[in-house]
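Visitor: this one's sequence-less:
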């Protein structure tokens, strides 16, 4: 089959296991493209804690520009416990990318794969099939770099949640309707405190609706639980998207690889 489109992929291996996972998954993506109507052009760029230690830059301007121009970012893992900024905060270029590219939503599908042993013993776990949509720029991320420290006695941070932030995620990802399932609009007054649409924290995952919507902080937990309950972290997928990603996906129908779409490979996520 002739290739009609080549996707430009900015590869950011980062630190630690990110380097290993990227090295293992690039051949998989190349294999996927064989005989397909699309292809990939991969170009690797430096970023992360180790690069910060070596150069003083966690996310070089050239790397950010390459990410901005690319159709997608293939992201490994970034950060190292012993490597910090002078104020003691962690090295997290992935958060810088979210701000610079307005990557406002994390999307993680979780489903049971036939023939693959699930972490849950209950046979009903075979029916797990849901999507977690996580708001990715607000919550505690919104005040990043703006916290206050009082000597060594006290540290304060602020969680920011706005109506616009939730409205954007709800509207852009069309999360009101997934396979005919209607979910509540979290911007409406009286929504549940945990901000999870149609999913109660105490529900077994096989009883969950097909889609859950969560704030940044709670979404971090729900994302992880969904991956572990559905198909385990070994093959869990996570995409962090913006308007360009969604528009490109609609036009190209490539199931998720799209413009300014951060595909997270950390922790063996593919």
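Guide: Cool, got the structure. These figures come from a predicted structure and were not determined experimentally. Residues are numbered from 1 along each chain as shown.
Visitor: show me the shaky parts of this protein.
Guide: 1-2, 173-219, 223, 230-237, 245-270 (pLDDT under 70).
Visitor: select the longest helix from it.
Guide: helix 17-33 (DSSP state H).
Visitor: how about it: buried residues?
Guide: Using 16 or more other Cβ atoms under 10 Å as the test for burial, helix 17-33 gives 18, 21-22, 25-26, 29. C-beta coordinates here come from the backbone N, C-alpha and C atoms, glycine included.
Visitor: before we move on, what about stretch 157-172?
Guide: Those would be 165-166, 168-170, 172, for stretch 157-172 by 16+ other Cβ under 10 Å.
Visitor: and which of these is nearest to residue 77?
Guide: Nearest to residue 77 among those is residue 169, at 24.5 Å by Cβ to Cβ.
Visitor: and the helices in the stretch 101-250 of the chain?
Guide: 163-172, 216-230, 243-252 (DSSP state H, counting those that start in this stretch).
Visitor: wait, what's in contact with residue 9?
Guide: 29, 40-43, 70-74, 257 (Cβ atoms under 8 Å, 6 or more residues apart in numbering).
Visitor: circling back: of the buried residues of helix 17-33, which is the nearest to residue 119?
Guide: residue 21 (20.1 Å).
Visitor: on that earlier part again, in PyMOL, select just the buried ones from the contacts of residue 9.
Guide: Typed into PyMOL, the line below selects the buried ones among the contacts of residue 9, using 16+ other Cβ under 10 Å:
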select buried, resi 29+40+70+71+72+73+74+257
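Visitor: quick one: the contacts of residue 9 as a markdown table, columns for secondary structure and distance to residue 226 too.
Guide: Shown next, in a markdown table, are the contacts of residue 9 (DSSP: H, G, I helix; E, B strand; the rest coil; distance: Cβ to Cβ, whole Å):
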| residue | secondary structure | distance to residue 226 |
| --- | --- | --- |
| 29 | helix | 23 |
| 40 | strand | 27 |
| 41 | strand | 32 |
| 42 | strand | 28 |
| 43 | strand | 32 |
| 70 | coil | 27 |
| 71 | coil | 26 |
| 72 | strand | 22 |
| 73 | strand | 22 |
| 74 | strand | 22 |
| 257 | coil | 21 |
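Visitor: please, where are all the strands along the stretch 101-250 of the chain?
Guide: 105-111, 129-135, 148-150, 154-156, 177-178, 181-182, 211-214, 239-241 (DSSP state E, counting those that start in this stretch).
Visitor: so for residue 47, which of those strands sits nearest?
Guide: Across the strands of the stretch 101-250 of the chain, closest to residue 47 is strand 239-241 (Cβ to Cβ), at 15.1 Å.
Visitor: neighbouring strands for that closest one, and are they parallel or not?
Guide: Neighbouring strands of strand 239-241 in its sheet, by DSSP bridges, are strand 105-111 (antiparallel), strand 262-264 (antiparallel).
Visitor: pull out the buried positions in that strand.
Guide: Applying 16+ other Cβ under 10 Å to strand 239-241 flags 239-241 as buried.
Visitor: and what of stretch 100-120?
Guide: Buried, per 16+ other Cβ under 10 Å, within stretch 100-120: 101-110, 112, 118, 120.
Visitor: do you know which of the strands of the stretch 101-250 of the chain lies nearest residue 88?
Guide: Of these, nearest to residue 88 by Cβ to Cβ is strand 148-150, at 8.8 Å.
Visitor: which elements pack onto the closest one?
Guide: Contact here means 3 or more Cβ pairs under 8 Å, 6 or more residues apart in numbering; DSSP states H and E; on that basis strand 148-150 packs against strand 154-156.
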